[in-house]
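Q: Got a sequence here, can you build the structure:
(chains A and B)
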Amino acid sequence: MHYAIALAGGVLIGLAATLLLWLNGRVAGVSGLVNGVLFPQRGDVAWRVAFLGGLVVAAGAYMALVPGASLPRTDFSRAGLVAAGVLVGFGTRMGNGCTSGHGVCGIGRLSMRSIVAVLVFMATAIVTTYVVRHAWGGA
Amino acid sequence: MKRSAFALAALASGALFGVGLAMSGMTDPRRVLGFLDVAGAFDPTLLFVLGGAVATTLVSFRFVLRRGNPVLADTFHLSNLRHIDRTLLGGAAIFGVGWGLAGYCPGPALAGLGVLSREAAWFVPAMLAGMAVHRAVNRR
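A: Have a look, this model is predicted:
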C-alpha cells in the first residue's frame, strides 16, 4: 500500500509537469524556477512565484492534514544542512537542473543530457551516502 | 488577462506537484537516504515515485509537444543544448554530493518550508547562497 501511494504521488508529479508544459510551455524544474525568482527578469517572475508558492502551501497542507504523511526529519546537523544546501544550489545551477528538471522532465522528453545528468547525480549521491553512513559511521 | 491565466496555471501545477511530493513521502529525507543507501536498509520508495513521474511524462510529453505551441504562450521553452560537457557532468556530480549528504533536493526542501521544518530553514537559504555563488563565479 505504501508503494502504491508513492507511485500515485509520482504520477501526480508527472501530471503537474505535464500541466505546466501543456499550458505554460515551461519545464517544471524546481532549481531553475527558484533561480528565476532569486535573479528575476522582468515579466518572468509571477508565474514562478505562483508555482513555488503552490508547491510549498499544498505540500505543507498535505503533511499537516493527512494522517500518516511523511514529515521532514528534525535532527540533522546544522553544518551538514548548510554544506548540503550550498552544494545543491551550486551544482544544480552548474548542471542546469535537479531531480525534477533533469529527472522528471528531461527523461520525459528523452534528453540525452538529462539522462546522463541523472545517472551522474544518482551515482555521486549513492557514493556520498555510503561514505557518510558507513565509512565515517556518522549521521 | 492572459498573464493572470498564466500565473494561475502555474499555481495549479505547483500545488499538484506539492501534493505529489508530500503524498510520495519524498518530503522526508530519511526516505531519500534510505534509497541512496544501497549498503544499508534499502528503501525502494523513491524508485516508485520517480518511476510513476517518468512513466507519466514519457507518455504525456509526446502528446503535448506534438502541439505547435502551449495553450497560454507562444512557444515551448525547452533547452536546446545537446552536448554533454564538463559543466553538465561536474554540476550533476556536485548536486549529487549535496543530495546524498542531507537527503534534500530542491523540491522537497521547499516543501519542508510549508510545515516550518527546522531543517528546511537551514537548507533552503544555503541553497540560495550556492546559486548566488555560482552566478558570481560565472560572471567574471
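
Q: For the rest of this, base every contact and every neighbour count on C-alpha atoms.
A: OK.

Q: Tell me if the helix or strand encompassing B:G100 is near chain A.
A: Element membership for B:G100 (DSSP states H and E) is helix B:86-102. Yes - judged by CA under 8 Å from any CA of the partner chain, helix B:86-102 comes into contact with chain A at B:87-102.

Q: just stretch B:31-44 next, same as before
A: Yes - judged by CA under 8 Å from any CA, stretch B:31-44 comes into contact with chain A at B:L33, B:L36, B:D37, B:V38, B:A39.

Q: now swap in stretch B:126-140 and tell me
A: Yes - Stretch B:126-140 reaches chain A (CA under 8 Å from any CA) through B:A126, B:M127, B:L128, B:A129, B:G130, B:M131, B:A132, B:V133, B:H134.

Q: are any of the residues of helix B:86-102 next to chain A buried, and which?
A: B:88-102 (16 or more other CA atoms under 10 Å in any protein chain shown).

Q: what's near enough to touch residue 70?
A: The chain I'm using is chain A. With contact set as CA atoms under 8 Å, 6 or more residues apart in numbering or on different chains, A:S70 has these partners: A:M63, B:A22, B:M23, B:G25, B:M26, B:T27, B:D28.

Q: not quite, I wanted chain B
A: Contact analysis of B:P70 by CA under 8 Å, 6+ apart lists A:L21, A:W22, A:L23, A:N24, A:G25, B:V64, B:F76.

Q: Show me where chain B dips below the pLDDT cut-off.
A: B:1, B:140 (pLDDT under 70).

Q: which residue sits closest to the spatially most central residue of it in space, ignoring its chain neighbours?
A: For chain B, the residue nearest the mean C-alpha position is B:G107 (4.8 Å; CA atoms, centre = their mean). Closest residue in space to B:G107, ignoring its immediate chain neighbours: A:V30 at 5.8 Å, by CA to CA, 6 or more residues apart in numbering or on different chains.

Q: A:M112 now?
A: B:R82 (7.5 Å).

Q: How many neighbouring residues does that neighbour have?
A: B:R82 has 10 neighbouring residues, counting by other CA atoms under 10 Å in any protein chain shown.

Q: was I right about A:T128 contacting B:G100?
A: Yes - taking CA atoms under 8 Å as the definition, A:T128 is a contact partner of B:G100 at 5.3 Å.

Q: so where do the helices sit in chain A?
A: Listed in chain order, the helices of chain A (DSSP state H) span A:2-19, A:30-38, A:46-65, A:78-94, A:107-108, A:112-130.

Q: would you turn those helices into CSV with mean neighbour count and mean pLDDT?
A: Supplementary listing: those in CSV, determined by neighbours: other CA atoms under 10 Å in any protein chain shown; pLDDT from 0 to 100:
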stretch, mean neighbour count, mean pLDDT
helix A:2-19, 24, 97
helix A:30-38, 20, 98
helix A:46-65, 22, 98
helix A:78-94, 26, 98
helix A:107-108, 24, 97
helix A:112-130, 22, 98
